[in-house]
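Q: just need the structure, nothing else, for what follows:
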Amino acid sequence: MSRSFRRIGVLGVCTAAAVAFGAVAPVAADNGSGFEFTLYAKEVPAPGGATSAPPSKVGETFTFADDLSKTKGGENVGRDGVFCAVVRVSGKTVETNCVGTFELDGGPGGQLTGQALTTFDTSAGAPAAFDLAVTGGTGDFKNARGYIRSTPDGDYQRMDFHINAR
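A: The predicted model follows:
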């Protein structure tokens, strides 16, 4: 499966990405009850996994995992795991429903969950940018809501987090 196709779900559904808030020096948002920060997701190759054509049939599934860092090639500050299912195919256009979990290292700490219904052209070299809904969390993120903007950035996915912590 191609890396671009798998990263479309990055919470990097995808992709699709989280870090200790203290490590990224979050900027207070939403009157002090939220955070905004950016992380970079780099896909972790599956052991012995060769890339192949992307799934093209409704019901096919795929998974992927990313290491997360504050900067491209920087120290890992978290990880994610994503599961996607193809829900619609029309020519070269594929829609996937992806669900993922981002684990943050450090304090505050915990996990964030998110999901997205993504549409993309399988003939494109890289997925277009998309938003993931933050659906909840654990630990310090137990009331988290917001969204994550995932944008292709070379061999990485740039993940811009916009979290409301109320």
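Q: can you give me the mean pLDDT across stretch 100-119?
A: Stretch 100-119 carries an average pLDDT of 85.
Q: swap in stretch 79-90?
A: Per-residue scores along stretch 79-90 average to 94.
Q: so which bits of it are buried?
A: Going by neighbour count (16 or more other CB atoms under 10 Å), the buried part of stretch 79-90 is 79-87, 89. C-beta: built from backbone N, CA, C; applies to glycine.
Q: format those residues as a markdown table; extra columns: distance to A41 and secondary structure.
A: Shown next, in a markdown table, are these (distance: CB to CB, whole Å; DSSP: H, G, I helix; E, B strand; the rest coil):
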| residue | distance to A41 | secondary structure |
| --- | --- | --- |
| R79 | 9 | strand |
| D80 | 7 | strand |
| G81 | 11 | strand |
| V82 | 10 | strand |
| F83 | 15 | strand |
| C84 | 15 | strand |
| A85 | 20 | strand |
| V86 | 21 | strand |
| V87 | 23 | strand |
| V89 | 26 | strand |
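Q: so which of the residues you listed comes closest to D66?
A: D80 (4.9 Å; CB to CB).
Q: that closest one and C98 touch, don't they?
A: No: applying CB atoms under 8 Å, one finds D80 not in contact with C98, separated by 11.0 Å.
Q: what ranges do the strands span in the chain?
A: 27-29, 34-43, 61-69, 76-90, 93-104, 110-121, 130-137, 145-153, 156-164 (DSSP state E).
Q: now the third one: mean pLDDT?
A: Averaged across strand 61-69, pLDDT comes to 93.
Q: in that strand, what counts as buried?
A: 62, 64-69.
Q: now those residues in JSON lines, with distance to P152?
A: Shown next, in JSON lines, are these (distance: CB to CB, whole Å):
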{"residue": "F62", "distance to P152": "18"}
{"residue": "F64", "distance to P152": "14"}
{"residue": "A65", "distance to P152": "18"}
{"residue": "D66", "distance to P152": "13"}
{"residue": "D67", "distance to P152": "17"}
{"residue": "L68", "distance to P152": "16"}
{"residue": "S69", "distance to P152": "16"}
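Q: tell me the one of those residues nearest L112?
A: Nearest member of the buried residues of strand 61-69 to L112, counting by CB to CB, is L68, at 11.1 Å.
Q: the closest one pairs with what?
A: For L68, the beta-bridge partners are A41, G78 (DSSP bridges).
Q: got it, and V89?
A: Under the criterion used here (DSSP bridges), V89 is bridged to V94.
Q: my read: it touches K57, true?
A: Yes: assessed by CB under 8 Å, V89 is found in contact with K57 at 6.6 Å.
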